[in-house]
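S.K.: mind folding the following:
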Amino acid sequence: METKRFYEQTGVAMTCRNFEEYVRMFDLDPDKLRGKRVLDTGAGASAFTAEASRRDIHACAADPLYAMEPSEIEGLGREEIDRFIVKLTERRHMYDWDFYGGPELLKELRKQSFADFSADYANPVSREQRYTAASLPELPHPEGEFDLVLCSHFLFLYGEQFSPEFHLQAMRELLRVCKPGGEVRIYPLLTFGGESYPQLPALLKELAAEGVTAEYRPTRLAFIPGSKDYLTLHKVAD
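M.R.: Numbers count the residues shown, from 1 in each chain. I've put the predicted structure just below:
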């Protein structure tokens, strides 16, 4: 019997995605985000915040990784990219390569993205302004600070490692730091086992009782098999 498991992962990986990948994953319109406050949670070494800031988007990122010095992250990033490509290549037949073209092209994209992040993170001013060492389900940001809150490749994907209660508390925290009338967007909605996160309907029912509305919307980066949607949570306006 062929397995749906598309990736083997122990612990939480360091991500190194770029701005365009975020635009496609979350179906973002960069022009509409200008002047808005955006938080990328579990951001890892992704370059979204660096590029968004250059586009007049008030972006910042939260990840426990940011407790480390730039030189420490540099070595980890190179190792993570190499490890990621090896594991991905083993199951390359399972993925949709329309956007990336193939493993080697994806590797170069990851290296470019990591270099972009590293340059921004190494700058003391941008590091202090944009990067906060923090992890779900507790963020240090004030309530209602952001117009848009993103969570990429963490919630649901690691559903085998983190409990449903953890996920519920994390989603509540994402909503807490979101402005009334703002949005939380989460992608993908699958576990590494290739199944839709089984507890998601129950979690959304709990949030609905708290006045949160949820909607599945199509992603424009369905690279992972079966990852056709992202989730958006709407925080009720005052």
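
S.K.: quick one: contacts of stretch 75-83?
M.R.: By Cβ atoms under 8 Å, 6 or more residues apart in numbering, the residues outside stretch 75-83 that reach it are 13-14, 16, 45, 68, 107, 110-111, 114, 117-118. (Glycine included, C-beta is placed from N, CA and C.)

S.K.: so residue 113 makes contact with residue 14?
M.R.: No - contact criterion Cβ atoms under 8 Å: residue 113 and residue 14 do not qualify, at 11.5 Å.

S.K.: check the gap between the residue nearest the centre of the chain and residue 15 for me.
M.R.: Nearest residue to the geometric centre of the chain (Cα atoms, centre = their mean): residue 152, 1.6 Å. Relative to residue 15, residue 152 is positioned 7 Å away (Cβ to Cβ, to the nearest Å).

S.K.: give me the common contacts of these two.
M.R.: Common neighbours of residue 152 and residue 15 (Cβ under 8 Å, 6+ apart) are 42-43, 46.

S.K.: next, count neighbours for residue 68.
M.R.: 14 (other Cβ atoms under 10 Å).

S.K.: returning to what we had before: of residue 113 and residue 14, which one has the most company?
M.R.: The neighbour count for residue 113 versus residue 14, taken as other Cβ under 10 Å, is higher for residue 113 (25 against 20).

S.K.: buried sites along the helix or strand bottoming out on mean pLDDT in the chain?
M.R.: Ranked by mean pLDDT, DSSP states H and E, the weakest helix or strand in the chain is helix 70-90, scoring a mean of 89. Neighbour-count burial for helix 70-90 flags 73-74, 77, 80-81, 84-85, 88 (criterion: 16 or more other Cβ atoms under 10 Å).

S.K.: from the shared contacts of residue 152 and residue 15, which ones fall inside helices?
M.R.: Assignment to helices by DSSP state H places none of the shared contacts of residue 152 and residue 15 there.

S.K.: before we move on, the earlier item: what is in contact with residue 113 and residue 14 at once?
M.R.: Joint contacts of residue 113 and residue 14 (Cβ under 8 Å, 6+ apart) are residue 45.

S.K.: which residues touch the nearest residue to residue 33 once chain neighbours are set aside?
M.R.: Distances taken as Cβ to Cβ, 6 or more residues apart in numbering place residue 57 nearest to residue 33, at 4.7 Å, with adjacent residues excluded. Shown in contact with residue 57 (Cβ under 8 Å, 6+ apart): 30, 33-36, 38.

S.K.: cutoff 7 Å now
M.R.: Residue 57 is in contact with 33-34, 36, 38, counting by Cβ atoms under 7 Å, 6 or more residues apart in numbering.

S.K.: just the buried ones out of those residues, please.
M.R.: Neighbour-count burial (16+ other Cβ under 10 Å) is assigned, among these, to 33, 36, 38.
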